[in-house]
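Asks: 3D, please:
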Amino acid sequence: MDVENFRARIADVLSESVLAQVYLLIKQDNEYVAKLADLENGKTESEVTKLFKNFVDDTVMKNEDLQMCELSVADDRSNAIYHYDYDECPEELKTFKDFDINFRVNNPDKFDFHNDHINNLYGYIIYLGTMENGIVLFKKHYPISLIKRDSFLLGLIKANERFELIQGDDILRLNGDAQLILVDGEIYVFDTKILEQSIKFNMLINKAADETIEAIDNLGLLEDIQVLRDSAEEISFARKLSKVKKTSPIFSLNIPKETIVQFTKTTKELEGRFKYSDDGQTIRLDTKKSKAAFLKLMNDSFLRSELTNQYYETSAKDKI
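Replies: Model (predicted):
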């Protein structure tokens, strides 16, 4: 789905008289269970609906610069939404991915303050729509958003300009944003940091990074492939490495090792970035800078302008 179709699908949902339902995602016995938050009918329900409807409207519908990419090949662009294209999903998000409003309505499971513990709250699932048509948002809960009952809030009473104690038990602070959205069964990611905190998602990253390392090893391009294996133990490096095999034209076009090595030696803009084995046939990675440059090389990020004949580095390479 491209951005325009994505917007059209959401516009179709928001054009109706939608309401929001909020579910608390609670961790129970190593499982994540969605519990319906019993919102007060009227003002509370309408304000929550407005809160998240405005978020979707501002983030997607009014964002003219929004771009869409596949998550497995995500780059550093800041104004993008990423389609989750991995086969597996982190355990923490399976309840979100499988969310079905009809099942939830027919099998109500409300949050019970006597039996459910707010300390086990992992996140929020927000359904926005009607029984026939809707989208689902996921919002991560952070401890800072929980005001414990042994704390207190002071509210400013505008009528007499004084602060008064806001009474209550545990208080949840819910602001209008989200990190994920589910549209027609597909997950789209606004903020990739939510996935970076998941152990299982990192396992998917490491698996893809291992496949890239194997492909590079088959090229015989490096003097010592173990350098890449050691560096991939750092998740930030593994993340960059993980997308190379899938996206780099070096592999899809079967560019030979000799051509790659020669390119690094004869391109002026790459001068001094790499060292080589004693016979000059393979690349030696012995510094952090050389590893970073190698990732850019394998991602085909050194591009030449047809107009000016100048070389540039770019991570975003949208095909024309």
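Asks: I'd like to know which elements the helix or strand hosting residue 69 is packed against.
Replies: Assigned by DSSP states H and E, residue 69 belongs to strand 67-70. The elements that strand 67-70 packs onto, with contact taken as 3 or more Cβ pairs under 8 Å, 6 or more residues apart in numbering; DSSP states H and E, are helix 3-14, strand 80-83. No exception for glycine: its C-beta is placed from N, CA and C like everyone else's.
Asks: can you give me the mean pLDDT across it?
Replies: The average pLDDT within strand 67-70 is 90.
Asks: Show me how far that strand is from its chain's centre.
Replies: 11 Å (Cα atoms, centre = their mean, to the nearest Å).
Asks: Listing partners with orientation, what would you give for that strand?
Replies: Strand 67-70 sits in its sheet next to strand 80-83 (parallel), going by DSSP bridges.
Asks: Excluding sequence neighbours, find me the nearest residue to residue 263.
Replies: residue 270 (7.6 Å; Cβ to Cβ, 6 or more residues apart in numbering).
Asks: Relative to residue 280, how far out is the one you found?
Replies: Distance of residue 270 to residue 280, given as Cβ to Cβ, to the nearest Å: 15 Å.
Asks: For these two, indicate the residue with more neighbours.
Replies: Under the criterion of other Cβ atoms under 10 Å, the comparison of residue 270 against residue 280 puts residue 270 first, with 16 against 9.
Asks: how's the protein carved up into domains?
Replies: Per the record, the chain has its domains at 3-197, 201-313, by automatic domain parsing.
Asks: And these, which one averages the lowest pLDDT?
Replies: domain 3-197 (a mean of 83).
Asks: now the helices for the stretch 1-150 of the chain?
Replies: Shown for the stretch 1-150 of the chain, the helices assigned by DSSP state H, counting those that start in this stretch span residues 3-14, 43-56, 94-97, 101-106.
Asks: deepest of these, which one?
Replies: helix 94-97 (a mean of 18; mean count of other Cβ atoms under 10 Å).
Asks: Residues touching it, excluding its own?
Replies: For helix 94-97, contacts defined as Cβ atoms under 8 Å, 6 or more residues apart in numbering pick out 25, 32-34, 89, 123, 125, 136, 138, 180, 182, 185, 187.
Asks: how about 7 Å then?
Replies: With Cβ atoms under 7 Å, 6 or more residues apart in numbering as the test, helix 94-97 has contacts from 25, 32-34, 89, 125, 136, 138, 180, 182, 187.
Asks: now that helix, how far from the centre of its chain.
Replies: 15 Å.
Asks: All further residue positions should be reported with the first residue as 611.
Replies: From this message on, residue numbering opens at 611, which makes the last subject helix 704-707.
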